[in-house]
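Enquirer: coordinates only, sequence not included:
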């Protein structure tokens, strides 16, 4: 295409001209110096992770205040790929509908060396799966839909736009915050503070905490371009394309005729300079010319990114907790950033709620740090392989990559080295919340304690549904009754455990037909026996599932005392809790 096809480009950072709502800045009425009540949880950062955490806490009945320095949702696409697991989490948070209407799902990806296709991958997906493996939706829509959900919980969530954290003091009893809105400064107090304020976390800096790990040399420009292309939604990657020799380029379709391009910077190029429109336009134009795109297009937004694999050693520091990019950073390859943040939220919310409500001791929060740090380390082990291939850290890696790419078209077995290894749900193998009952040796299969419950299609009240839709905000017992352990016996055990522990426990019966259930439980029909086989539930079994969907214990047959003992062991003593 020629420059005549390029519409006038806005300055970098302009808000895309899409029809999403900008929220009015809200100055809280208490900002005039009045004394405000102590908050249960203060969340610093109103991006996707902070908003999702507020929603997750609200589902647990815990109130929070969210402070966000900006006056509206973010500019630019930023995080764009949501995993199947993230959509399941968003469904639990009551925020899914907008994502399904706006998002673009995908299953495949292709990679090219120069102009030759060297890899096509298909992510695992079955026709019965509820969601596609990945869904593309830009971050401003992600935040918008989360804000809409937050506004439905105004009784429990206080969202304060244009409010900056300008000071904080933490002690053994809570946190005192200094907040600034416009020219007004005021104080607020909270029992707990959760830092969701991103990679440059002010809270982290205030506590003089250091992230450890690796900052890679690979730097990328991120560009949003508006152009109407009749192409499918898939991940596209080019290594050393003729249009831009020496660069690696990625391309993703987004909603609203917007395409996302990520391309590698050369060592001698300045990131700030290269995000200017006059620098971005020639790169995009050359790429589109190679692809024979002759339609008008418009530069919408651009920014830059450096790959990093960094994390705090501990995500919990007294009454201050870190989540999302404030706690850990991962390279973009494999889309583990925001997806990891949502998994942080789902892991943390129920534990923090249990502590806030006095049902568990603060030690439970240590499991959040250990489990999510373990997940970060696993993510990094996968992401490093992709990062070193996408942005080789040395000449040796460059030579290896060139050899693989030049041979991959004819030798398909080498293409595994090119595979970007997309984000997947990770088990928590090294956690003290995994409990082994006396029946544990009798089970076979992979659905052991520490593994998330996989989603399965079921029938509920005669209608198609999914298992994930019936996992409770509290603990869930999934029971597979049979001769020797009927549904009524399982219901009695669950009711007894809930009464003894004061913990919300929901019973879900999975049976071959609806008549096998009990009025004390939700009954799901597994007509083909697929779920029963996956859970190794013959002749009968009970699985105790955490509020974040992870299996924590399983029995062939359990009494109320057995389930109560498991809950007590996980939650610990509430003595000394908040």
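Expert: Perfect, thanks for sending it. Note that the structure is a prediction, hence the values are computed from the model and not measured. Numbers count the residues shown, from 1 in each chain.
Enquirer: Where does pLDDT dip in the chain?
Expert: By pLDDT under 70, the weakly predicted segments of the chain are 1-35, 216-217, 333-335, 383-399, 401-423, 515-518, 573-578.
Enquirer: Show me the longest helix that occurs in it.
Expert: helix 364-390 (DSSP state H).
Enquirer: Against which helices or strands is it packed?
Expert: Using 3 or more C-beta pairs under 8 Å, 6 or more residues apart in numbering; DSSP states H and E, the elements in contact with helix 364-390 are strand 212-226, strand 298-311, strand 316-317, strand 328-329, helix 337-356, helix 395-408. Yep, even glycine has a C-beta here, placed from its N, CA and C like the rest.
Enquirer: That helix vs strand 298-311, what angle?
Expert: 120 degrees (axes from the mean of the first three to the mean of the last three C-alpha atoms, to 10 degrees).
Enquirer: Distance from helix 364-390 to the middle of the chain?
Expert: Centre-to-centre, helix 364-390 and its host chain are 13 Å apart (C-alpha atoms, centre = their mean, to the nearest Å).
Enquirer: Show me what counts as buried in stretch 283-291.
Expert: By neighbour count on 16 or more other C-beta atoms under 10 Å, the buried set for stretch 283-291 is 283-288, 290-291.
Enquirer: all helices for the stretch 401-550 of the chain, in order.
Expert: 487-501, 530-534 (DSSP state H, counting those that start in this stretch).
Enquirer: Please identify the buried residues of the shortest one?
Expert: Going back to what we said before, that points to helix 530-534. Under 16+ other C-beta under 10 Å, the buried positions of helix 530-534 are 531-532.
Enquirer: Can you give me the neighbour number for the closest residue to residue 436 other than its chain neighbours?
Expert: Leaving aside its sequence neighbours, residue 436 sits nearest to residue 449 (C-beta to C-beta, 6 or more residues apart in numbering; 7.0 Å). Per other C-beta atoms under 10 Å, the neighbour tally for residue 449 reads 24.
Enquirer: show me what contacts residue 449?
Expert: Residue 449 makes contacts with 434-436, 440, 551-554, as judged by C-beta atoms under 8 Å, 6 or more residues apart in numbering.
Enquirer: Repeat that for residue 520.
Expert: So residue 520 contacts 488, 491, 494-495, 507 (C-beta under 8 Å, 6+ apart).
Enquirer: wait, which of those is closest to residue 519?
Expert: residue 491 (8.4 Å; C-beta to C-beta).
Enquirer: how deep is that closest one tucked in, by neighbour count?
Expert: By the criterion of other C-beta under 10 Å, residue 491 has 20 neighbours.
Enquirer: hang on, it packs against residue 506?
Expert: No - using C-beta atoms under 8 Å, residue 491 is not in contact with residue 506; the gap is 10.8 Å.
Enquirer: Give the residues shared as contacts by the two.
Expert: In terms of C-beta under 8 Å, 6+ apart, residue 491 and residue 506 are both contacted by the residues residue 521.
Enquirer: re earlier: can you give me the distance of the residue nearest to residue 436 to residue 434?
Expert: Distance, residue 449 to residue 434, by C-beta to C-beta, to the nearest Å: 4 Å.
Enquirer: again with residue 102
Expert: 37 Å.
Enquirer: what do you get for residue 365?
Expert: Going from residue 365 to residue 434 by C-beta to C-beta gives 17 Å.
Enquirer: now do residue 371
Expert: 10 Å.
Enquirer: which one of those two has more residues nearby?
Expert: Applying other C-beta under 10 Å to residue 371 and residue 434 shows that residue 371 carries more neighbours, namely 28 against 20.
Enquirer: So which residues of the stretch 151-300 of the chain form helices?
Expert: Using DSSP H, counting those that start in this stretch, helices in the stretch 151-300 of the chain cover 202-206, 271-274, 277-290.
Enquirer: Among these, which comes closest to residue 191?
Expert: helix 202-206 (15.7 Å).
Enquirer: Run through who's touching the closest one.
Expert: For helix 202-206, the surrounding residues in contact (C-beta under 8 Å, 6+ apart) are 44, 165, 167-168, 193, 195, 197, 211, 312, 320, 322, 326.
Enquirer: With stretch 521-541 instead?
Expert: Stretch 521-541 has contacts (C-beta under 8 Å, 6+ apart) with 443-445, 447, 454, 456, 458-460, 465, 467, 470, 478-485, 487, 490-491, 494, 506-514, 516-517, 543, 554-557.
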